[in-house]
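>>> need the 3D shape of this:
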Amino acid sequence: RAAAAAAVATVAAGWHDTMFFLKTFTEDLAMNPPDFGPHLRNKIRERLRNSVEGTALGKIGYVVHITHIKDEDISMGRIEDSTGQTTYKVKFQAVVFRPFRNEVLDAVVSTALNYGFFCKAGPLQIFVSRHMMPDDVKNFDHERSAWISDDQEVEIRAGCGVRLRLMNVKFDQNAISAVGTIKDDYLGLVSIEEG
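Numbering: from 1, shown residues only. This next block holds a predicted model:
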């Protein structure tokens with residue numbers, strides 16, 4: 001929730017060179033008869049948050065946080081004859097995380113393997129191949145599961161923070177993945193795992 005609040009603050013501040021956007025959506029939501037009653041609108045909001053927040057919507061990006069669902073943006077329900085459910089059309093605003101090619105961002109290494117490493121920047125999974133690492137970081141230590149520089153000063157392993165540039169971003173219907181590099185200037189290890 002703290003990351004979502006920071007993203008909302010970033011978007012509200014009007015930053016233009018960012019991967020977070022405020023977008024308006026419309027969603028059809030089916031509610032069951034036991035949900036009807038005086039708290040129906042709150043149940044609609046809760047179900048919408050549970051079903052949409054944290055999901056990937058193809059090229060739109062990841063829905064990080066729903067910011068506004070006004071009462072007037074929840075339509076009158078339409079009863080489905082066969083099921084007894086009522087369908088509501090809900091208009092809402094949400095903060096969306098959408099990564100772009102050549103964007104520089106910080107990520108946390110999740111797994112180091114002998115052919116590269118995987119890391120995560122929020123919900124985005126990024127792979128960095130051994131060919132996309134600096135020339136002095138070519139030694140993989142199988143015992144420690146870490147990439148180590150020639151001078152032993154850089155050790156990239158699970159839990160470490162890295163700054164990378166996205167080389168390619170792939171959008172699937174329900175997931176977004178990327179390939180990155182740490183080979184450019186000012187990229188690479190930025191923090192070491194504590195403990």
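
>>> pLDDT weak spots in the chain?
For the chain, the stretches with pLDDT under 70 are 1-17, 193-195.

>>> in it, which spans are helices?
Counting by DSSP state H, the chain has helices at residues 2-12, 40-52.

>>> for the residue nearest in space to the middle of the chain, what are its contacts?
Against the mean C-alpha coordinate of the chain, by C-alpha atoms, centre = their mean, the closest residue is residue 123 at 3.2 Å. Under the criterion of C-beta atoms under 8 Å, 6 or more residues apart in numbering, the neighbours of residue 123 are 54, 56, 62, 97, 176. C-beta coordinates here come from the backbone N, C-alpha and C atoms, glycine included.

>>> now flag whichever of those is closest to residue 90.
Proximity of the contacts of residue 123 to residue 90 (C-beta to C-beta) peaks at residue 54, which lies at 17.3 Å.

>>> can you report how many residues lie near the closest one?
14 (other C-beta atoms under 10 Å).

>>> can you tell me how far it is from residue 41?
Taking C-beta to C-beta, to the nearest Å as the measure, residue 54 falls 22 Å from residue 41.

>>> just residue 94 next, same as before
Taking C-beta to C-beta, one finds residue 94 at 18 Å from residue 41.

>>> of the two, who's got more company?
Applying other C-beta under 10 Å to residue 94 and residue 41 shows that residue 94 carries more neighbours, namely 26 against 14.

>>> list the beta-bridge partners for that one.
Beta-bridge partners of residue 94, counted by DSSP bridges, are residue 23, residue 66.

>>> is it true that it touches residue 61?
No - if you go by C-beta atoms under 8 Å, residue 94 and residue 61 don't touch, sitting 10.0 Å apart.
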